[in-house]
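Novice: Structure of the sequence below:
(one chain, ligands or ions: 2)
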Amino acid sequence: MSHASTGLFISFEGIDGAGKSTHIDMLAKAFDAAGRRVVLTREPGGTPLAEKLRTLVLNDAMDPLSESLLMFAARRDHLRQVIEPALARGEVVLCDRFTDATFAYQGHGRGFDLAVLGQLERWVQAREQGGLRQPDLTLWFDLPAAVAAERLAGARLPDRFESQPQAFFERVSAGYAARAQAEPARFVRIDANQPRERVAAIVRDAFQRRGWLPPA
Ligand SMILES: Nc1ncnc2c1ncn2[C@@H]1O[C@H](COP(=O)(O)OP(=O)(O)O)[C@@H](O)[C@H]1O
Ligand SMILES: Cc1cn([C@H]2C[C@H](O)[C@@H](COP(=O)(O)OP(=O)(O)O)O2)c(=O)[nH]c1=O
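Specialist: Ligands and ions are numbered 1, 2, ... in the order given. Model prediction:
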């Protein structure tokens with residue numbers, strides 16, 4: 001099936017250090033080579049307002065409700081300014097994190113009320129034509145928290161989430177597992193505890209088998 005004229009919304013999830021950034025860049029090049037226009041973006045962020053909110057939420061201490069509201073405020077702006085217009089133009093949107101991250105980090109990691117997050121999701125992602133905007137596909141890079149911590153050690157300065165203890169990331173991983181179990185058709189779980197080239201091949205295959213990238 002060809003999706004050349006249909007927008008594609010792909011999100012990338014996993015605990016910090018799981019390898020998302022590494023493979024988003026690879027995929028962007030693959031879509032570009034296939035003649036698709038690609039929008040590379042991230043959450044929280046992706047618009048001038050949402051990037052300001054990102055700076056606040058990643059650096060200032062706050063309670064989990066404030067944190068969740070800021071994540072969804074940033075998401076609302078990002079959807080309206082960037083994601084929906086790009087999808088309407090038939091482009092490929094590659095988004096480093098989306099709502100599953102809020103359920104995993106604020107919900108499971110910080111212990112915030114999942115029902116409230118569900119309500120925010122329904123408000124923020126409601127589409128004019130009805131239904132909810134969700135990614136067409138979510139790649140979940142699953143990596144044990146201890147391995148992610150090893151990879152990140154020395155790689156970059158930790159932000160407010162990256163400096164959390166391992167137990168926090170174990171809860172975040174359980175949160176991703178729960179989201180994946182609830183929506184198996186949207187999720188692809190990738191065993192990220194393998195060499196880069198192996199992970200890259202699995203990622204590419206997920207797109208080729210859907211006809212979204214040409215065979216190698
Ligand atoms: N398969 C892999 N094996 C070993 N190290 C990796 C692998 N994939 C990525 N890395 C390294 O691990 C670190 C975290 O990767 P990154 O892509 O930044 O993760 P994320 O974007 O999910 O936080 C980087 O230093 C990266 O080079
Ligand atoms: C989108 C999102 C991110 N986060 C957190 C996860 C990350 O620790 C942090 C920033 O994500 P990310 O962009 O992956 O950071 P980096 O580029 O440094 O890898 O924000 C939430 O807690 N909730 C959310 O809804």
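
Novice: Residue numbers of the protein in contact with ligand 2?
Specialist: When proximity is defined as CB under 6 Å from any ligand atom, the chain approaches ligand 2 at 16, 42-44, 58, 71, 96-97, 101-102, 105-106, 159, 161-162. All C-beta atoms are positioned from the backbone trio N, CA, C, and that covers glycine.

Novice: Check those for burial and list the buried ones.
Specialist: Buried members of these, counted by 16 or more other CB atoms under 10 Å: 16, 42-44, 71, 96-97, 101-102, 105-106, 161-162.

Novice: hmm, back to that, restrict the residues of the chain next to ligand 2 to contacts with ligand 1.
Specialist: Asp16.

Novice: Out of the residues of the chain next to ligand 2, which is nearest to Ala88?
Specialist: Glu43 (19.4 Å; CB to CB).

Novice: For the closest residue to that closest one other than its chain neighbours, grab phi and psi.
Specialist: Among residues not flanking Glu43 along the chain, Arg97 sits closest, at 4.6 Å (CB to CB, 6 or more residues apart in numbering). Note on Arg97: its backbone torsions stand at phi 80, psi 150 [degrees, to the nearest 10].

Novice: One more: His78?
Specialist: phi -60, psi -40.

Novice: I'd like to know how far the residue nearest to it when sequence neighbours are not counted sits from Ala206.
Specialist: Spatial nearest neighbour of His78, excluding adjacent residues (CB to CB, 6+ apart): Gly46 at 4.2 Å. Distance check for Gly46 against Ala206: by CB to CB, to the nearest Å, it reads 23 Å.

Novice: Comparing those two, which residue is more hemmed in?
Specialist: A count of neighbours by other CB atoms under 10 Å puts Gly46 above the other of Gly46 and Ala206, at 24 against 16.
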